[in-house]
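Peer 1: take a look and give me a structure for this.
(chains A and B)
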Amino acid sequence: MSEKHEIIPVWFFVGVLFSIYGALIFVSGLLEWSHPPNTVLANLHAPVWWGALLLVLGAVYCTAFRPGRYKA
Amino acid sequence: MTAILAMLQTERLVKLAPVDLAIVIIYFALVLLIGFYLKRFAKTGEDFFMAGREMTAWVAGLAFVSANLGSLELLGWAGSAYQYGILAAHWYWIGAIPAMLFLGLVMMPFYYISKTHSVPGYLQLRYGTGASGLSAITFAIMTVLMSGVNMYAMAVVMKVVLGWDLNFSIFVSSVTVAIYVAAGGLFSAIFNEVLQFFLIWFGALLVPILGLIETGGWKGMVARIQQNFPGQDFTHMWSNMGHFQDNPMGMHWTGIVFGLGMVQAMGYWTTDFLVVQRVLSAKDIRSAKLAPVLGSFFKMAVPLIVILPGLLGLAVLPMHLVPASQAQAGQFTYNEVLPLMLARYCGPGLLGLGITALVAGFMAGMAGNVSAFATVWTYDLYRPFIRKDAPDSHYVSMGRWCTLIGVFISIGTAYLVMGFASIMDYVQALFGFFIAPLFGTVLLGMMWKRVTKAAGFWGLLAGTVSSVTMFLLMHGKLPMFGRSSEQWVSLFALSPQAQGLAQDMYQSLWSCVTCVVVTLLVTLVTKPRPDSELVGLVYSLTEKAKEEKVGLLRRPIFWGMAALVILVVLQIIFW
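Peer 2: Numbering: from 1, shown residues only, chains lettered A, B, ... in the order given. Predicted structure coming up:
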């Protein structure tokens, strides 16, 4: 981000948050697989694939914008 | 953790699982961590108030959109979509995109070249302390009012949906914002706004996806709405606006085109310092021009996560929602449609993500308001009127204190607005009071060198006073001069059928017209400033900004044209 400052890119923080959230939601989705919550379309197991998507996106951002690699 | 859950939750629509609470707590921890991390970089006034003017176009553009994406925006416009149908999307398309492009391609060079730190700062250079002081005071009032309304709207939803205590929600969220903005200034606000932008999208996007799966796509959703609300048109944007009585909003197309598109939107997106400050943090003139253009693409997409859930609510919710002023015990209001849809589709984990998105929206809106408030107070009121020649470190310290004070005033405002029956109506009215006339003043000042200092001040004052007067007359708060409030609505909003939002648009239009007329008249009888004093401030006396030569795909004008084409296509699709 900075020309003058060596700041960790904001995209890295986005990656960290998405990785943590992705892991939590993915695992939570797997744990409830056999007894889905009482929500509409629970049979689609949205937490599993949405959590996986967040986890992948988070990992990509963490890797691509890890501190010291880029100024974003 | 179970004990905390029990303390927070009493009567509620949904129950949070431990994983949901963990998601919310992790979010709070990360934003505070970012604030403390960035504190070391916010040492000078330029760093604290302008984020060092070194943001890329992407970061400035995302923060520009995110600062506008507050909880009121998310909850309020989803509620408006339930109430008025797809007409609410006008506030995202014609009511935003042309104005954002105008800011980037036409006005930003003036703001950027003059190196001003704020919109009142530009008025100071162009019109002197009169117009600048008036603008700074009205802006400061508006930011704390907006911040408080935003805070209250979020806390009410947390109470209804999660059973969280109102005071708990207000204090925890606002103190968190106060800490991270006071620590890192605009650096911290912008970093967290970018983070919040992603969170809001990924927290809310599942609702329209699952909603469209449930209804069998757009056509299935429209069929269900027609079945639930026979005879009402909720899914067309223009074809039902030939007459006031033909649409749920009581709006005529002139109100949307002139009141919203040409005045209110132009005023908000080009002169509301809350959003302009984010673009001023850009690292160079090309980035400053490109940031609002990039932001316009994201803004165009926001109806997916805000308007579409409101429409889906009309299609799938088993109960009919009601206005806040008419809600009985056990009934839900329009503003609760988004949380209701979240609860419909999201189980443990996803629910926490959705709730965190709402909290993030609140924080983005509040951080935007308090950081803009701190800048305007410090640079446009404190420095010119109270202490002129203090060292830079003194102003940074003032900015930090002002952030904390701004938050506490906002908390007071949140409790104040609890007394109002219909909060949402007042929000657009606030823009009409302060933003619509300001647009007339700024635009005339930039485009016409003849406009004088006195004309700028009196035009702005007349526009603001006329706007407040129209509002009070239409709401029956002033002596009626022999007319009923309905007759005043017929006069100003051109029809007795005009609902709240339609009234606000015409109120904005007439207040801007009043500002322009008074400015012109006063200009004609007062002495203009010499050209030498206006270089860099007025279009005809400003050299075109030099930009680095770049390829077509990196030019703001190219992407601006692309955004306009998409905007036109969207209007045709949903005509």
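Peer 1: identify the residues contacting residue B:246.
Peer 2: B:233, B:240 (Cβ atoms under 8 Å, 6 or more residues apart in numbering or on different chains). From N, CA and C alone the C-beta is placed, and that goes for glycine too.
Peer 1: what do you get if the cut-off is 10 Å, keeping everything else the same?
Peer 2: Contacts for residue B:246 (Cβ atoms under 10 Å, 6 or more residues apart in numbering or on different chains) come out as B:233, B:236, B:239-240, B:252, B:497.
Peer 1: low pLDDT regions in chain A?
Peer 2: A:1-5, A:69-72 (pLDDT under 70).
Peer 1: which stretches in it count as helices?
Peer 2: A:10-31, A:46-64 (DSSP state H).
Peer 1: quick check: angle from the shortest one to helix A:10-31?
Peer 2: Between the axes of helix A:46-64 and helix A:10-31, defined by axes from the mean of the first three to the mean of the last three Cα atoms, to 10 degrees, the angle is 150 degrees.
Peer 1: quick one, which of the helices of chain A is nearest to chain B?
Peer 2: Nearest of these to chain B, taken as Cβ to the nearest Cβ: helix A:10-31 at 3.7 Å.
Peer 1: which neighbouring elements make contact with the closest one?
Peer 2: Packing partners of helix A:10-31 (3 or more Cβ pairs under 10 Å, 6 or more residues apart in numbering or on different chains; DSSP states H and E): helix A:46-64, helix B:18-39, helix B:57-66, helix B:166-204, helix B:350-375.
Peer 1: of the contacts of residue B:246, closest to residue B:445?
Peer 2: residue B:252 (30.8 Å; Cβ to Cβ).
Peer 1: do you know how far the closest residue to chain A within the stretch 251-400 of chain B is from residue B:16?
Peer 2: Residue of the stretch 251-400 of chain B nearest chain A, by Cβ to the nearest Cβ: residue B:347 (3.2 Å). Distance of residue B:347 to residue B:16, computed by Cβ to Cβ, to the nearest Å: 11 Å.
Peer 1: pick out the residue in chain A sitting closest to chain B.
Peer 2: Using Cβ to the nearest Cβ, residue A:37 is the residue of chain A that sits closest to chain B, at 3.2 Å.
Peer 1: thinking the residue of the stretch 251-400 of chain B closest to chain A is in contact with residue A:47, fair?
Peer 2: Yes - Residue B:347 lies in contact with residue A:47 (Cβ atoms under 10 Å); the separation is 6.5 Å.
Peer 1: neighbour count for those two, which is higher?
Peer 2: More neighbours surround residue A:47 than the other of residue B:347 and residue A:47, with 30 against 24 (other Cβ atoms under 10 Å in any protein chain shown).
Peer 1: ok, and the closest non-adjacent residue to the more buried one?
Peer 2: residue A:29 (3.0 Å; Cβ to Cβ, 6 or more residues apart in numbering or on different chains).
Peer 1: one step back: quick one, phi psi at the residue of the stretch 251-400 of chain B closest to chain A?
Peer 2: Main-chain torsions, residue B:347, degrees, to the nearest 10: phi -90, psi -170.
Peer 1: for the spatially closest residue to it that is not a sequence neighbour, list the residues it contacts.
Peer 2: The shortest distance from residue B:347 to any non-neighbouring residue, by Cβ to Cβ, 6+ apart, is to residue A:37 (3.2 Å). Residue A:37 makes contact with A:28, A:47, B:17, B:346-351, according to Cβ under 10 Å, 6+ apart.
Peer 1: neighbours of residue 64, how many?
Peer 2: Assuming you mean chain A. For residue A:64, using other Cβ under 10 Å, the count is 14.
Peer 1: I was thinking of chain B, sorry if that wasn't clear
Peer 2: By other Cβ under 10 Å, neighbour count at residue B:64 equals 34.
Peer 1: tell me how far it lies from residue B:277.
Peer 2: Using Cβ to Cβ, one obtains 9 Å as the distance from residue B:64 to residue B:277.
Peer 1: what touches both of those two?
Peer 2: Common neighbours of residue B:64 and residue B:277 (Cβ under 10 Å, 6+ apart) are B:190, B:368.
Peer 1: ok so, going back, which of the helices of chain A sits most buried?
Peer 2: Among these, the stretch with the highest mean neighbour count (mean count of other Cβ atoms under 10 Å in any protein chain shown) is helix A:10-31, at a mean of 21.
Peer 1: taking helix B:166-204 as reference, get the angle to it.
Peer 2: Using the same axes, to 10 degrees: helix A:10-31 against helix B:166-204 is 90 degrees.
Peer 1: pull helix A:10-31 out as CSV, backbone CA atoms only.
Peer 2: C-alpha atoms of helix A:10-31 as CSV (Å, rounded to 0.1, in the frame of the first residue of the first chain):
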residue,chain,number,x,y,z
VAL,A,10,-4.7,-4.9,3.6
TRP,A,11,-5.3,-7.9,1.3
PHE,A,12,-3.3,-10.1,3.7
PHE,A,13,-5.7,-9.3,6.5
VAL,A,14,-8.6,-10.2,4.3
GLY,A,15,-6.9,-13.5,3.6
VAL,A,16,-6.3,-14.2,7.3
LEU,A,17,-10.0,-13.5,8.2
PHE,A,18,-11.3,-15.5,5.3
SER,A,19,-9.1,-18.5,6.1
ILE,A,20,-10.2,-18.6,9.7
TYR,A,21,-13.8,-18.1,8.9
GLY,A,22,-13.7,-20.6,6.1
ALA,A,23,-12.2,-23.3,8.3
LEU,A,24,-14.7,-22.7,11.1
ILE,A,25,-17.7,-22.7,8.8
PHE,A,26,-16.5,-25.7,6.8
VAL,A,27,-15.9,-27.8,9.9
SER,A,28,-19.2,-26.7,11.4
GLY,A,29,-20.9,-27.7,8.1
LEU,A,30,-19.3,-31.2,8.2
LEU,A,31,-20.3,-31.7,11.9
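Peer 1: what's the angle from that helix to helix B:350-375?
Peer 2: Angle, helix A:10-31 to helix B:350-375, by the same axes, to 10 degrees: 160 degrees.
Peer 1: and residue B:350, how many neighbours?
Peer 2: Neighbours of residue B:350 using other Cβ under 10 Å come to 27.
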